[in-house]
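In: 3D, please:
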Amino acid sequence: MKLNESLLISFILLFSTTLIAQENTTKNPKRAAIYSAILPGFGQVYTKQYWKIPIIYGGLIASAYYTKENHNQYSLYKQTYLNRINNQGTDEFTNIYSDNELLTLTQHYRRNREISALLFTLTYILNIIDASVSAHLFDYNIHEDISLSIRPAYIANNTSGLSLSIKL
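Out: Predicted coordinates:
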C-alpha cells in the first residue's frame, strides 16, 4: 500500500512540475487577482511584472507603519486626556498642552490613523486590480507603427490650422 501511495505522489509531483514548466502565452485575470489577494505581489509575479513588487510592499509597509504610529499617539493623548478629566494625577503634558489641545491632538491622530488604514486598504485593492488588468493585457500586441502627430496645416484661402494624424 505504501508503494502505491509513493508512486501516486511521485506521478502527481512529476505531472504538476511539467505543467508549471510549460510556458503559457496567456494569463488568467481571475487567477492573477486571486494570487494577489492571497499574497500581495504574487499576481505581479504571475504576470511577470516583477518591478511592481517593491512599490506594492513599500506602500503596504509605509501605510502600516503610519497606522501603528498614529494609533500609539492617539492612545497616548486619549489616555492623558481621560486621566485629566478624571483627576488622576499629573501627566507629562501638564504645562505643555491644555485639555482642549489634548482633545484636538486626540482627534488629529485618530483621523490620521483612519486615513493610514484607508491607504493600506487602497494599496491592497490596487494590487489586486493591477494584477488582473496586467493579466488581461499580457498578450496584447503593441506594434511599432503606432504614432500620433500634430502638425501645422495650411488650407486654401490662406487659413491655417492643425493637422492630426493617427497611424495604427
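
In: so who does Ser149 touch?
Out: Neighbour list for Ser149: 164-165, 167 [criterion: C-beta atoms under 8 Å, 6 or more residues apart in numbering]. All C-beta atoms are positioned from the backbone trio N, CA, C, and that covers glycine.

In: the helix or strand hosting it pairs with which strands?
Out: Assigning secondary structure by DSSP states H and E places Ser149 in strand 147-155. The pairing partners recorded for strand 147-155 under DSSP bridges are strand 159-167 (antiparallel).

In: so what touches the strand it pairs with?
Out: Strand 159-167 is contacted by residues 145-155 when judged by C-beta under 8 Å, 6+ apart.

In: which of those ranks first by neighbour count?
Out: Ala153 (12 neighbours; other C-beta atoms under 10 Å).

In: low-confidence ranges, the protein, go.
Out: 1-24, 142-143, 168 (pLDDT under 70).

In: tell me which residues touch the residue nearest the centre of the chain, please.
Out: Nearest to the geometric centre of the chain sits Thr123, at 2.9 Å (C-alpha atoms, centre = their mean). For Thr123, the contact set (C-beta under 8 Å, 6+ apart) comprises 56, 59-60, 63.

In: can you put those in JSON lines and add neighbour count, secondary structure and distance to Ala33?
Out: Shown next, in JSON lines, are the contacts of Thr123 (neighbours: other C-beta atoms under 10 Å; DSSP: H, G, I helix; E, B strand; the rest coil; distance: C-beta to C-beta, whole Å):
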{"residue": "Ile56", "neighbour count": "21", "secondary structure": "helix", "distance to Ala33": "14"}
{"residue": "Gly59", "neighbour count": "18", "secondary structure": "helix", "distance to Ala33": "18"}
{"residue": "Leu60", "neighbour count": "17", "secondary structure": "helix", "distance to Ala33": "17"}
{"residue": "Ser63", "neighbour count": "20", "secondary structure": "helix", "distance to Ala33": "21"}
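
In: any chance of JSON lines for those, columns distance to Gly41?
Out: JSON lines is the format used below for the contacts of Thr123 (distance: C-beta to C-beta, whole Å):
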{"residue": "Ile56", "distance to Gly41": "5"}
{"residue": "Gly59", "distance to Gly41": "11"}
{"residue": "Leu60", "distance to Gly41": "9"}
{"residue": "Ser63", "distance to Gly41": "15"}
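
In: just give me the closest of the residues you listed to Gly43.
Out: Gly43 lies nearest to Ile56 out of those, by C-beta to C-beta, at 9.5 Å.

In: what about the helix or strand where the residue nearest to the centre of the chain lies, distance to the chain center?
Out: Per DSSP H and E: Thr123 is located in helix 99-136. Averaging C-alpha positions (C-alpha atoms, centre = their mean, to the nearest Å) puts helix 99-136 11 Å from its chain's average.

In: that concludes my questions; thank you for your assistance.
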